[in-house]
Each structure stands twice: as C-alpha cells, then as structure tokens.
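Chemist: Give me a model of this one.
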Amino acid sequence: MKFRNSNPFVNAILKATRTATRKTAHAMQKNAMKAAVAALQNTFKHGWSADGLATRPKKRPPAARAPAWAPTREADRHEAPSQAGQFIARSLTNAAGTRKYKLYIPKTYAGQPLPLLVMLHGCTQDPDDFAAGTRMNRIAEEAGCFVAYPAQSKAANGHKCWNWFSAIDQQRDRGEASIIADITRSVIDAYGCDRKRVFVAGLSAGGAMAVIMGNRYPELYTAVGVHSGLPYAAARDLTSAMAAMRRGAVDAEINGAHGATVQGKPLPVIVFHGDIDKTVHPRNGEQIIEQALAHIASTERKEQGDAVVDGVPLYTRAIYEDGKQRPMAELWTLHGTAHAWSGGSSDGSYTAAGGPDASAEMMRFFTTAATQ
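Modeler: I've put the predicted structure just below:
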C-alpha cells in the first residue's frame, strides 16, 4: 500500500525509500542466486551430477596411498601403432533408438571365430576415453579378442550415463538394454565371433548396465565383469538410485532378482570395488556377488595381494566355487582405492594406476569361464 502526503518533499523521500527498498530486495535475490549457483557448481566439482551419478572432476584426486607396485606386463608399455589392430566407428539403430559404438578388431583376426567383449563406459566417458583408461584394446590384442564399446548419447542422458536406474532400460528387448544386445549380435554376425565366448563388462553406471545385460540376456553372454557397479534391480528411479549409490541396494528389493542362469547354471561374474569408494558404496559389490550366487551352493576362499602399503594389502580377492570346484565368481576388494578402474592408465579418466590390473584379470576370468 502506498502512503501519500501533500508535502512534495515528504513524497519525494517516500518515493526514494520505496525505490531503495526494491533495489535492496533485488540485490538480495541476486546474491542468493549467485550463492545457490556457486553451491551447485561446488557439488558438481566434487563428483556429483544433477542426476545423481558421478561426473568427471576438474582434477583427478591423488591416490589414497602411494602405490606399492606398478604393473609390469608388456601391455602397460606403449606399443607402436603398427602392432595394434583397427579401432573403427560404427552405429546401430533399432526400435529403442540409435547408439554409436567403437569396435576394436585385433590384428590377428583373419576370419576365424574370436571372442567378443562388450565394454560399457561410466558417466562422462566415451569409447575412446574408456579404451585408453582401461587399456583393454592392448589386452584384447594379446588375447585375440574383439572389443565393442557402445557410446551413451547426451540426448539420452546429459552426463552420458547409462540409465541403469530406469525401469524400462532394465527390461529385455526394451530401452538401452535392447540396443546393447543388438550391437552385440551385430558384431557377432558381421565377424563370425565365437558365440560361446561373448562377455560384457563396465565401470560405474556401465558396470550396473553390464549386470543388467547378463541378467536379461544370459544366453547371449558367457560371463560378466563389473567395476564399481551395482546389482540388478538396485533402483527403479532416481531417488532409489541415489540411495543405493550412497548405502547399497535394499536387500528386500534385490533378493527376488537372482543372478542370471543358463540351463540352471549361474552366469560367472567378476567384481572389482574400491573400499573407499564414495560415489558407489562398496556394499554394492558384495550384493552383486550375493545376487549371482543366491541359488547355488558355493564355497569361499580368500587371498591377499603380496604388495602391502602401511601394513594393508592392496587387495583382498574372494573366490567362489561350485561343488565341482569351478570358479563361479570373484570379488576383488581394492584397499585404499576410490571410484576408479584398478591398474588403469592416466590416459583415460577414473583410473587408479597402483593396484591389480582389472583389465587383465577380467580377461583371465572370462577365458576360464568360457572353458567350463
């Protein structure tokens, strides 16, 4: 309500007061908005995106403890380009949409049926970044294996995360799962890959998606590799996804979603998870194993890495075998490691150079699983 006075001087003062009040309120709102934006930017900088998934930090944080050893395998050293195979770009379209992908063709390929590994990147990554960080193409060249790297699009997720928490993308022949499955089939058909040696692996959101692929398509994949991921049906929406990432999935919700089986035999799975991972809680790694072995009798044995830092081994490896002593699952707990691919290269994002070589160990596990 405006107050008017017959004295023009008083009216001038009142008018000036109202103007100053409006300017002050506007300035306060502007400052509050700046503070909110700054807080949001600070949240992004420390590893969270608007959809609750990890984003690339501006600077990669230092390792929790200095690595006690560095991998010495030949694949860690830069090879001349002439020694490598081809890394080509492709795309696939089906009823659920279109996704680009990169395909590594080993130099040893000459028409023979070789194995195929499908690698699913984490948030903010792309096939080139993921291939560089994991060094998986070098491992594949040594093993004589194709590697397909599907790429999530920004249109599907602003941070290029696979939508593992979306109910439709967790279903067989629906959403992103159907696209990844069709990419897998397309490569198999085009290059005559060995259908008994087809594997899927991933990091973080890609790791969660790899679990979905193994669960929904057990006849297509021979084994699953998961680094810093989550169990199947850990979430059905964004809210439950955030909860699972922070504390682990709700047991009651994932207990019914048992591991994938082929003719009653569980799909072998190897899991890597850092015990100081603040992006995806380590409990999720344990739950992937529990889910995979929920309906079979298994025995557990553990071993620890020889290298020790501050009295703590770099990792603990739990091996789970069935009644015939066949390895069905492995859980690598990476001590002092955060949300990063163990044994990876700094040429890519989200890697931890000091630690067991997750890429080499996955390939070793996959090769063994295919012979069982």
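Chemist: helix/strand/coil for residue 285?
Modeler: Here residue 285 is helix, with the state taken from DSSP: H, G, I helix; E, B strand; the rest coil.
Chemist: which residue packs closest to it, ignoring adjacent ones?
Modeler: residue 273 (3.2 Å; C-beta to C-beta, 6 or more residues apart in numbering). Using the backbone N, CA and C atoms, a C-beta is placed for each residue, glycine as well.
Chemist: So what's the residue count around that neighbour?
Modeler: 26 (other C-beta atoms under 10 Å).
Chemist: What's the mean pLDDT across the host helix or strand of it?
Modeler: If you go by DSSP states H and E, residue 273 is part of strand 269-274. Across strand 269-274, pLDDT averages out at 98.
Chemist: now stretch 150-167
Modeler: Mean pLDDT, stretch 150-167: 97.
Chemist: export that stretch as PDB, just CAs?
Modeler: Coordinates of each C-alpha in stretch 150-167 appear next as PDB, following Å, rounded to 0.1, in the frame of the first residue of the first chain:
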ATOM      1  CA  PRO A 150      28.800 -48.700 -27.100                       C
ATOM      2  CA  ALA A 151      28.500 -45.000 -26.500                       C
ATOM      3  CA  GLN A 152      25.800 -43.400 -24.500                       C
ATOM      4  CA  SER A 153      24.300 -40.300 -26.100                       C
ATOM      5  CA  LYS A 154      23.900 -36.900 -24.400                       C
ATOM      6  CA  ALA A 155      20.300 -36.900 -25.700                       C
ATOM      7  CA  ALA A 156      19.600 -40.000 -23.600                       C
ATOM      8  CA  ASN A 157      21.500 -38.800 -20.500                       C
ATOM      9  CA  GLY A 158      23.100 -35.300 -20.100                       C
ATOM     10  CA  HIS A 159      26.100 -36.800 -18.400                       C
ATOM     11  CA  LYS A 160      26.300 -39.800 -20.800                       C
ATOM     12  CA  CYS A 161      25.500 -42.200 -18.000                       C
ATOM     13  CA  TRP A 162      23.800 -45.500 -19.000                       C
ATOM     14  CA  ASN A 163      20.300 -45.300 -17.500                       C
ATOM     15  CA  TRP A 164      20.600 -48.400 -15.300                       C
ATOM     16  CA  PHE A 165      18.100 -47.000 -12.800                       C
ATOM     17  CA  SER A 166      15.300 -46.600 -15.300                       C
ATOM     18  CA  ALA A 167      12.800 -49.500 -15.200                       C
END
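Chemist: quick one on the thing from earlier: now for the strand holding residue 273, which elements pack on it?
Modeler: For strand 269-274, the elements it packs on are strand 223-227, helix 283-292, strand 327-334, strand 341-342, helix 358-370, judged by 3 or more C-beta pairs under 8 Å, 6 or more residues apart in numbering; DSSP states H and E.
Chemist: among these, which is nearest residue 188?
Modeler: helix 358-370 (14.4 Å; C-beta to C-beta).
Chemist: and that closest one, what other elements does it pack with?
Modeler: By 3+ C-beta pairs under 8 Å, 6+ apart, helix 358-370 packs against helix 136-143, strand 198-203, strand 223-227, strand 269-274, strand 327-334, strand 341-342.
Chemist: Pipe these into JSON lines and attach distance to residue 192 per row.
Modeler: Output for those, formatted as JSON lines (distance: least, C-beta to C-beta, whole Å):
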{"stretch": "helix 136-143", "distance to residue 192": "17"}
{"stretch": "strand 198-203", "distance to residue 192": "12"}
{"stretch": "strand 223-227", "distance to residue 192": "20"}
{"stretch": "strand 269-274", "distance to residue 192": "26"}
{"stretch": "strand 327-334", "distance to residue 192": "28"}
{"stretch": "strand 341-342", "distance to residue 192": "30"}
